[in-house]
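[1] Quick one: sequence plus predicted model below, questions after.
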Amino acid sequence: MNYVLVTPARNEAQFIELTIASVVAQTIRPLKWVIVSDGSTDGTDDVVLKYAARHDWIELVRQPERQDRHFAGKVSAFKAGYARLAGLEYDVIGNLDADVSFDGEYLAFLMRKFADNPGLGVTVTAYREGQHVTYDYRFANIEDVPGACQLFRRECFEAIGGYQPVKSGGIDSAAVFQARAKGWQTRTFTEKVCMHHRQSGSAQGTGIFLALHSGRKDYLLGSHPVWEVLRSVHRMTQRPYVVGGLLSLGAYFWTMLCRVERTLPEELITLRRNDQMRRLKGIARRTLCFGR
């Protein structure tokens, strides 16, 4: 199977060379990789051009600088890169962040997963931020596919109409829910990990601001209130302790009281909430069995 990659990059000079070096070192390289500089002003373009001069399958696309920063802008950048793939024959398309790195067999491993399972629509592996795997997959859902590196079977990506421009974020989650609604399997594989060098959501701030953004986004993406309460309790055990969880929960219910229109259509919200309730029942069942 062959694949192509698109990377929206906005001021990623600090990490993008790690990402490029990882892709160049792959045992199975992409047919084409389009890196879209989304108005970068920090030298990102220079790093990409250095490698593009050596590898004809790497292309830099420059987008004009924009003042505001939101997730709909990332979708616009991705679509600019996607347009450069027209006419190419490929099986898999990947959305790769400009701040990740992985071993030389990483993408070959994922190509084998697609080849082994024709029903697999979206996949990636677990990832690390710092020293620890971000999600504990004894409890997290392996059907969720994080957005730092998402690979789609081409037929699946075209069936869902690609990424949808949502300013509040969650474009990667929405794509996964849409794929499931279309009957595709989605899966995170835990046998390998990639490194995510920037904290997820940090573009929206850190600490208190990240907690507020997270709670608001959870409401907009249709998270169940019971799930959100329990998730916020869990967040209280992380920095900023207690306050982070309370702010996240407050932002969720404040957004609900303001009747802000949700990002996802009702059928996808129902799908997500049913999944969350199923997972909570599974966690409760395992906890009760462990306590016996």
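    Thanks, I have it.
[2] For the stretch 1-150 of the chain, give me the ranges with low pLDDT.
    Applying pLDDT under 70 to the stretch 1-150 of the chain flags the ranges 67-71, 131-140.
[3] Over to the stretch 151-292 of the chain?
    Ranges of the stretch 151-292 of the chain meeting pLDDT under 70: 167-169, 199-207, 290-292.
[4] Which parts of it are helices?
    154-159, 171-181, 208-220, 225-235, 243-257, 266-291 (DSSP state H, counting those that start in this stretch).
[5] Present those as CSV; the columns should include distance to Glu59 and mean neighbour count.
    Yep, even glycine has a C-beta here, placed from its N, CA and C like the rest. Below are these laid out as CSV (distance: least, C-beta to C-beta, whole Å; neighbours: other C-beta atoms under 10 Å):
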stretch, distance to Glu59, mean neighbour count
helix 154-159, 19, 17
helix 171-181, 23, 22
helix 208-220, 32, 21
helix 225-235, 40, 16
helix 243-257, 40, 18
helix 266-291, 33, 13
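[6] Could you dump those into CSV with distance to Pro118 added?
    Converted to CSV, the helices of the stretch 151-292 of the chain look like this (distance: least, C-beta to C-beta, whole Å):
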stretch, distance to Pro118
helix 154-159, 10
helix 171-181, 14
helix 208-220, 33
helix 225-235, 32
helix 243-257, 38
helix 266-291, 22
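[7] Can you say which of those is nearest to Val100?
    Val100 lies closest, by C-beta to C-beta, to one member of these: helix 171-181, at 13.2 Å.
[8] Need the residues that contact the closest one.
    71, 74-75, 95, 121-122, 143-147, 150, 152, 156, 159-166, 186, 221, 263-264, 267-268, 271-272 (C-beta atoms under 8 Å, 6 or more residues apart in numbering).
[9] Out of these, list just those in strands.
    Asn95, Gly121, Val122, Gln150, Phe152, Thr186 (DSSP state E).
[10] For the last one, which non-adjacent residue is closest in space?
    Which is Thr186. Spatial nearest neighbour of Thr186, chain neighbours left out: Val122 (4.4 Å); criterion: C-beta to C-beta, 6 or more residues apart in numbering.
[11] Surely that neighbour and Phe189 touch.
    No: with contact defined as C-beta atoms under 8 Å, Val122 does not count as touching Phe189 (11.7 Å).
[12] which one of the two has more residues nearby?
    Taking other C-beta atoms under 10 Å, Val122 and Phe189 do not tie; Val122 has more neighbours (25 against 16).
[13] Now do the shared contacts for Val122 and Phe189.
    Common neighbours of Val122 and Phe189 (C-beta under 8 Å, 6+ apart) do not exist.
[14] For the nearest residue to Leu212 once chain neighbours are set aside, list the residues it contacts.
    Nearest residue to Leu212 in three dimensions, chain neighbours excluded: Ala251, at 4.6 Å (C-beta to C-beta, 6+ apart). Ala251 sits next to Ala211, Leu212, His213, Ser214, Gly215, Arg216, Tyr219 when contact means C-beta under 8 Å, 6+ apart.
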